[in-house]
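Enquirer: Structure for the following, please:
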Amino acid sequence: MSDTKNIIIQEVRSFFTNISWKKMLTFLFFVLLSSVFWMMQVYRQKFESTLTIPVKYVNVPDSIVFENELPSKIYVRIKDDGAAMFKYYFTHRYDSLEVDVRDIVKGTQEKVIQGRNFEQLVRGKLFASSELISYSPTRVSYAYAVLHQKKLPVIYDGYISLASGYLIDGELTIEPDSVLVYGSRAALDTLHYAHTVNDTLREVTEDKKMLVAMKQTKGIRFVPNTVELNVSVDKFSTKEVEVPVECINLPENLTIKFFPSSIKIPFFVGIKRYNDISSHDFQVIIDYNDLKDLKEASIPVRITESPDYIQTKGPVPSEVEFVLEQK
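Expert: Have a look, this model is predicted:
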């Protein structure tokens, strides 16, 4: 193994020793010189190329809509030498063409740009040495219509799937809870709510805060076009309270007795709020007008008030008997 290594080293040394370095350096010099002349020739030679100039629209009012789709890019065919082409592609001289829509709306700028005006606009992004051959599109119309506006409450149209053992802790909140809607008067008259897209949250186990887009409708613009959805969740436990049954609209000359006089309400509640809830947070009310004409002496029980951050089960019992007596 050692002998083979020594042989290879000797062969390499012999190769480099036998090279005529003077001839090699002379050859490399002429290669470098020819490369320089070639680059100079390329830099002087004329080339044709197509540039893509992005168009950026700024200060666009929310209350207008353009009658035609505005171009996002302008394609420009030019002719110039290699040096200029190098600058175009590597220095981004034509970074973007900016259009201030506010000037168009105020009337300080033409609503249709074409012909010489458009050509001057394009030339402003080119070098003076560049020959403009063609460009597309050759005409841009900024004609617009003024929209009506209406403020509408936002409704989340998505679905939230909680992991096993979790519940939503309170109500979903949306920020902002209403948005401005722009469109024709006829279109706005048909809208009463602003709906979000139908997103789905799956297997949620912790509080969520996310941006949700508004559901797009043709001819309608939402400002803002996204809202923030806040979802609070908590692990739940079961709890039960005993709540007295009350009667309203009872005539003054009558008294009523319920059997039983109170019911039990089992429910699911988040662990964070477990100790905050009591029987005082519930009401079970029966209206005298609902039972006065009953032939039977029993009536179903209905929970008329409970916290919004719990999930109640059916009351126990589900109905109570009653006795009316004259005072």
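
Enquirer: Now do the contacts for Val204.
Expert: 160-163, 166, 231, 233 (CB atoms under 8 Å, 6 or more residues apart in numbering). All C-beta atoms are positioned from the backbone trio N, CA, C, and that covers glycine.

Enquirer: can you tell me how far it sits from Ser232?
Expert: 10 Å (CB to CB, to the nearest Å).

Enquirer: quick one: the helices in the chain?
Expert: 2-18, 21-44, 82-91, 101-106, 115-123, 185-189, 288-291 (DSSP state H).

Enquirer: Quick one: residues in contact with the last one.
Expert: When you say that, I think you mean helix 288-291. 247-251, 254, 256, 299, 322.

Enquirer: Let's see that with 6 Å instead.
Expert: Helix 288-291 is contacted from outside by 247, 249-250, 299, using CB atoms under 6 Å, 6 or more residues apart in numbering.

Enquirer: next one: the fifth one
Expert: Judged by CB under 6 Å, 6+ apart, the contacts made with helix 115-123 from elsewhere in the structure are 76, 135.

Enquirer: Recalculate using a threshold of 10 Å.
Expert: The contact list for helix 115-123 (CB atoms under 10 Å, 6 or more residues apart in numbering) reads 51, 53, 74, 76, 78, 94, 97, 99, 109-110, 112-113, 130, 132, 135, 137-140.

Enquirer: Dump the contacts of Val204 to TSV, plus pLDDT and neighbour count.
Expert: As requested, these are exported to TSV (pLDDT from 0 to 100; neighbours: other CB atoms under 10 Å):
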residue	pLDDT	neighbour count
Ile160	86	16
Ser161	85	9
Leu162	86	16
Ala163	88	12
Tyr166	87	17
Val231	90	20
Val233	89	20
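
Enquirer: ok, Val160 - contacts?
Expert: For residue 160 the amino acid is Ile, not Val. Counting by CB under 10 Å, 6+ apart, Ile160 has contacts 168, 172, 199-202, 204, 208, 229, 231, 233.

Enquirer: ok, of these, which one's closest to Pro266?
Expert: Closest approach between the contacts of Ile160 and Pro266, by CB to CB: Ile168, at 18.5 Å.

Enquirer: Can you tell me how far the closest one is from Val55?
Expert: 46 Å.

Enquirer: And Phe322, by the same measure?
Expert: According to CB to CB, Phe322 and Val55 sit 77 Å apart.

Enquirer: shared neighbours of Val204 and Ser232, which are they?
Expert: Ile168.

Enquirer: Okay, and the beta partners of the residue nearest the centre of the chain?
Expert: Residue closest to the mean C-alpha point of the chain, counted by CA atoms, centre = their mean, is Ala213 at 4.2 Å. Under DSSP bridges, the beta-bridge partners of Ala213 are Thr226.

Enquirer: So that it lines up with my notes, have the first residue be 28 from now on.
Expert: Fine by me, first position is 28 from now on; the one you just mentioned is Ala240.

Enquirer: Now for it: which residues touch it?
Expert: 223-224, 226, 249, 251-254.

Enquirer: List only those of the contacts of Ile187 flagged as buried.
Expert: 195, 256, 258, 260 (16 or more other CB atoms under 10 Å).

Enquirer: Now flag whichever of those residues is closest to Asp216.
Expert: For those, the nearest to Asp216 is Leu256 (27.8 Å; CB to CB).

Enquirer: Does the closest one touch Leu238 like I think?
Expert: Yes - at 7.6 Å, Leu256 and Leu238 qualify as touching, with contact defined as CB atoms under 10 Å.

Enquirer: overlap in contacts of these two?
Expert: Joint contacts of Leu256 and Leu238 (CB under 10 Å, 6+ apart) are Asp226.

Enquirer: thinking again about what came up before, the contacts of Val231 in strands, which ones?
Expert: 187-189, 193, 258, 260 (DSSP state E).

Enquirer: If we only consider the contacts of Ile187, which is nearest to Ile330?
Expert: Ile195 (18.6 Å).
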